[in-house]
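Visitor: Okay, predicted coordinates and the sequence, questions at the end:
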Amino acid sequence: MTARRAADTSDERTGSAFRAVGSGIGTLFGATANGLGKMTRSLGELGRRRNDDADDFDNFEDDDFEEEIATKPATRSSRRKARDPEPELELGDELEGAPRRGSAYVNEYGDGLALSLVGVAIVLGAAVWFGIGGPIGTFIADIVHLAVGAGAWILPLGLIGLAVALMLRYTPDREEQGRVSLGIGVIIVCMLALIHLFAGNPADWDGRKTAGGAIGAWIGAPLEMGFSVYLAVPILLLLLFWGALKTTGISIREFVEFISTFLGFGGFGHADDVEDDEDDDLYGHVDRELESRASGRTPSRSLPKPLPRRTTPPVSSVPPRAPFTPAPPAPPTRRPAASLDKYPADGVEPEKKPQEPRREASTSVFKKPEVTETNEFPAITDDDIAETPAADAVAASRESMRQAIIARSGKDPVQKPAQKPVQSAPPAPPVPVKAAAPVPPTAPAEVVSDGDSSYVLPSANLLIPGEPAKLHSETNDRMIEAITDVFREFNVDATVTGFSRGPTVTRYEIELGPGVKVSKITNLQSNIAYAVATENVRLLTPIPGKSAVGIEVPNSDREMVRLGDVLNAPATVENKDAMLIGLGKDIEGDFVSYSVQKMPHLLVAGSTGSGKSAFVNSLLVSLLTRARPEEVRLILVDPKMVELTPYEGIPHLITPIITQPKKAAAALQWLVEEMEQRYMDMKQSRVRHIKDFNRKIKSGEIQTPPGSQREYRAYPYIVCVVDELADLMMTAPKEIEESIVRITQKARAAGIHLVLATQRPSVDVVTGLIKTNVPSRLAFATSSLTDSRVILDQGGAEKLIGMGDALFIPQGAGKPQRIQGAFVTDEEIQAVVETAKAQREPEYTEGVTEDKAAESKKIDADIGNDLEDLLEAVELVVTSQMGSTSMLQRKLRIGFAKAGRLMDLMETRGVVGPSEGSKAREVLVKPEELETILWMLKGADPADAPKEESWNDRSDVDAGSGDDAGAPDVANSGDAPTTVVRADPSRGVF
Ligand SMILES: Nc1ncnc2c1ncn2[C@@H]1O[C@H](COP(=O)(O)OP(=O)(O)OP(=O)(O)O)[C@@H](O)[C@H]1O
């Protein structure tokens, strides 16, 4: 079937040769020859079909489908030419195909030769048929008669036929020329010999001239002599038959089949098949469409069944054709079976198909396709391909193409992505560079504290341990193969020497051959990404501390990192830092923990769902399991209202969880004050860090000043966690920024740490000032490179793959460290929180969230709008201890009148004494009292002002007065108004 269908493409050779000869002989021998010619033409049809099949098959095998489709229209028209005996139609067909057929010689000399032949034919015809050739014509006719006898009567027509063929530039290929010429030659010779014998074997030349001529005599006479006329005639007829077969290129079997069909005998039982094949021909309608397109008609899908092609249509039944138009480019759906495979056939389970390698097609059977819903060409599946030599060849062609693809790209197109290439044995997996040993649960990480011993830290064993980490998986082997293949394909001398499997990504180590540039690998980044089928491939050139290039590829079988494992890791347990938090696992499979003290402030950013809240949970649970309430206190700001709710009521809280941005702003302001107070105390105690202060308190080196109601105690660390900074920055950007900047600039030594998280790392949220002062950054997956730059000052976060995949840059580090964040479930959080809550109630500090700015500050009416200038003037005068108006003028760049007014205001507030003419006024406030007086001038309660415990040094301290104790009194003897600044000794310190 396939062979027969395929034969449609080749034609001109057999058909046209046959036509030329067939028509000549038919005319020569009148009615007999005409009948024979008809028969031969019909036989030619058979041969043509067979050859067409062969051609189609060739095309199929070549798999050059585009080309085949492009050449189809011409091929089909040629075939029509072979099918149609009418000269007019042949002429039309030939004209369509003419430009492609002419050889160079025929193109150049064809017309001249053809006209010469016509001339000879005319001369010969005039002489032979009408006797008007004149002496030369008659002479020529005599010679021709002498050579071919009665053949001279037909020769003019033969010459004209030849001339027409030349004019049409018909040039069959060499092999066909030989075969047809031989066939025609044998036919002519046999015919002449037969005529000679039928004419009675004339011995004289006159008789021979009207019989078979010299040729007929030379063949017929010896035969007659050797075999007798009764054997010579059949021999010649057999030879003639052979010549006809040769000319038409068909076999005896096909001839017999054809005769049987022609006479209605059913032949060898295949006659019906021959007819049915027309209908079964999968590409029959394609042929018709192509023909239609070639002739300018719109192809119709609903064409009726085509007429059986073997029935030669009468001239009148052949539809007139439109002038030739080039076939439109074939749509992709016109590709033969290879591409049609994609269309599911009824009854074929689609999921089966991709799993069956195409080469198995050769064993399947070609079925009659059923109607598909696609209204496209009949769907063909692998199962539909016949077990014929043609199908085998197709399979072989596919196989060879597959091999070519494998050779070119190293990838097997019929291989399931998850499968290893069958051809080559997988390389021995490189030994993992480093692997984290499974962590056995250890004892609770109880941090010893000499605080309230009744508090027991919640054990880290309350947390769920994770699965043992995989050191190596099948995916790693596949990746190594893919990367190695890319190097091989691009001829880069590099090998994968090992890998480190992290929970989320694996880093493959590449060693370069001598003289290979690192840039060769970086240039291949997209090819590697293509080969490993992921876009998130990161290259490290080189891996820090190694002479190797790293390729980080996400694991398709990623693992979850449990906080329990991180906190129970030996390194974490050994570290007694109460503020050590479990971060996660790095790419080498090591657990990563880091102290909040060292950060000392952290900016966390990442798009929604990237794992920020999971990190905040890890941080808080880490602190709860390692720090006692008297060691670390927390301020939790949760504008989203739900994220931190589980921590409500834990004893570490300074104030209930803050959900309102305004209260958060106030809390930050409170933190600033707390920081100032701590600095005052540290300054007083002459220590530079809260750690030293606490140590000295514990060792008794620092004592509470005698007579003070305050009691020096170790300051707890304070961690303020803001879950969404953007919400705060929207409410009061200036105040929030100012507070954050003040805290982050100074609070490190005071033991106050900020953790600011945001999912909107834009410049209006993470301002330049905040960025400068928050040195540690933790970036989860961001949605853009810009966001990554805002957090990390470099790209990279946009390539993270979410769900806790993060880049961490601690303070002072240059390159980010890739980690997989630890995860802790709600149940684990609840277990830890309950344990903490069960032991102690939170002791909230009052006034943390009070909006002091909103409090009625009674700025005296006489100060009015000059408060800022007054504060500056007071600071200037108190620090310089010089009450000079001209100095104010100079330093503040104000006029005399304003400087005089500020001096009067200071006099009324007891900062300076009365005017003493040209002398500078006396300054009544000591520099150490500056803060308090500024506080007071601002209209705030002087009791809230930061205080320095300097009673010992002060002579004006009323040690006996409880309320006034510790309060820096600004007293002015004499007429000057007295301002007493009272401080609350119970505030400021926990
Ligand atoms: N470290 C992690 N390990 C495993 N899964 C994680 C991890 N971090 C986050 N996930 C997964 O991602 C989901 C979203 O995480 P999370 O709520 O922390 O994102 P987010 O950045 O806080 O988002 P949003 O800003 O919207 O609150 C979690 O529910 C969890 O399933």
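Guide: All right, it came through fine. Numbers count the residues shown, from 1 in each chain.

Visitor: and the gap between whichever residue of the chain sits closest to the ligand and residue 830?
Guide: Closest contact between the chain and the ligand, by Cβ to the nearest ligand atom, is at residue 804 (2.3 Å). In this view, the C-beta of every residue, glycine as well, is placed from N, C-alpha and C. Computed as Cβ to Cβ, to the nearest Å, the residue 804 to residue 830 distance reads 20 Å.

Visitor: Looking at those two, which one has more neighbours?
Guide: The residue with more neighbours, out of residue 804 and residue 830, is residue 804; 27 against 12, by other Cβ atoms under 10 Å.

Visitor: Which residue ranges of the stretch 851-990 of the chain form helices?
Guide: Assigned by DSSP state H, counting those that start in this stretch, the helices in the stretch 851-990 of the chain fall at 867-880, 885-892, 896-908, 930-937.

Visitor: Identify, out of those, the most deeply packed stretch.
Guide: A comparison of the helices of the stretch 851-990 of the chain by mean neighbour count, using mean count of other Cβ atoms under 10 Å, puts helix 930-937 on top with a mean of 20.

Visitor: can you give me the angle it makes with helix 896-908?
Guide: 100 degrees (axes from the mean of the first three to the mean of the last three Cα atoms, to 10 degrees).

Visitor: let's have the chain start at 27 instead
Guide: Fine by me, first position is 27 from now on; the one you just mentioned is helix 956-963.

Visitor: And helix 956-963, what does it pack against?
Guide: helix 893-906 (3 or more Cβ pairs under 8 Å, 6 or more residues apart in numbering; DSSP states H and E).

Visitor: List of residues touching the helix it packs on?
Guide: Applying Cβ atoms under 8 Å, 6 or more residues apart in numbering, the contact partners of helix 893-906 are 885, 889, 909, 913-914, 917-918, 920, 924-925, 928-929, 931-932, 937-938, 949, 951-953, 955-956, 959-960, 963-964.

Visitor: Do you have the strands of the stretch 577-726 of the chain handy? List them.
Guide: Ranges of strands in the stretch 577-726 of the chain, per DSSP state E, counting those that start in this stretch, are 606-612, 617-621, 628-631, 658-663.

Visitor: The second one relative to strand 606-612, how many degrees between them?
Guide: Yep, that's strand 617-621 we're talking about. 150 degrees.

Visitor: Listing partners with orientation, what would you give for strand 617-621?
Guide: Strand 617-621 pairs in its sheet with strand 606-612 (antiparallel), by DSSP bridges.

Visitor: and the strand it pairs with, average pLDDT?
Guide: Averaged over strand 606-612, pLDDT sits at 92.

Visitor: Report the buried residues of it.
Guide: The neighbour-count check on strand 606-612 (16 or more other Cβ atoms under 10 Å) flags 606-612 as buried.

Visitor: before we move on, the earlier item: can I get the strands of the stretch 577-726 of the chain in JSON lines with distance to the ligand?
Guide: Formatted as JSON lines, the strands of the stretch 577-726 of the chain follow (distance: least, Cβ to the nearest ligand atom, whole Å):
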{"stretch": "strand 606-612", "distance to the ligand": "6"}
{"stretch": "strand 617-621", "distance to the ligand": "12"}
{"stretch": "strand 628-631", "distance to the ligand": "9"}
{"stretch": "strand 658-663", "distance to the ligand": "14"}
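
Visitor: do you know which of those lies nearest residue 673?
Guide: Comparison of the strands of the stretch 577-726 of the chain against residue 673 by Cβ to Cβ identifies strand 658-663 as nearest, at 6.1 Å.

Visitor: what's the average pLDDT for the closest one?
Guide: Strand 658-663 comes out at a mean pLDDT of 92.

Visitor: cool, stretch 796-803 as well?
Guide: For stretch 796-803, the per-residue pLDDT averages 89.

Visitor: what about it, start to end distance?
Guide: Distance between the two ends of stretch 796-803: 12 Å, counting by Cα to Cα, to the nearest Å.

Visitor: Output the below-cut-off pLDDT ranges for the protein.
Guide: Across the chain, the ranges flagged by pLDDT under 70 are 27-133, 197-199, 290-479, 731-736, 877-887, 965-1016.

Visitor: tell me which parts of it are close to the ligand?
Guide: Within the chain, the positions adjacent to the ligand are 586, 632, 634-640, 785, 829-830, 847-849 by Cβ under 6 Å from any ligand atom.

Visitor: who wins for neighbours among the residues you listed?
Guide: residue 848 leads those on contacts (other Cβ under 10 Å) with 33 neighbours.
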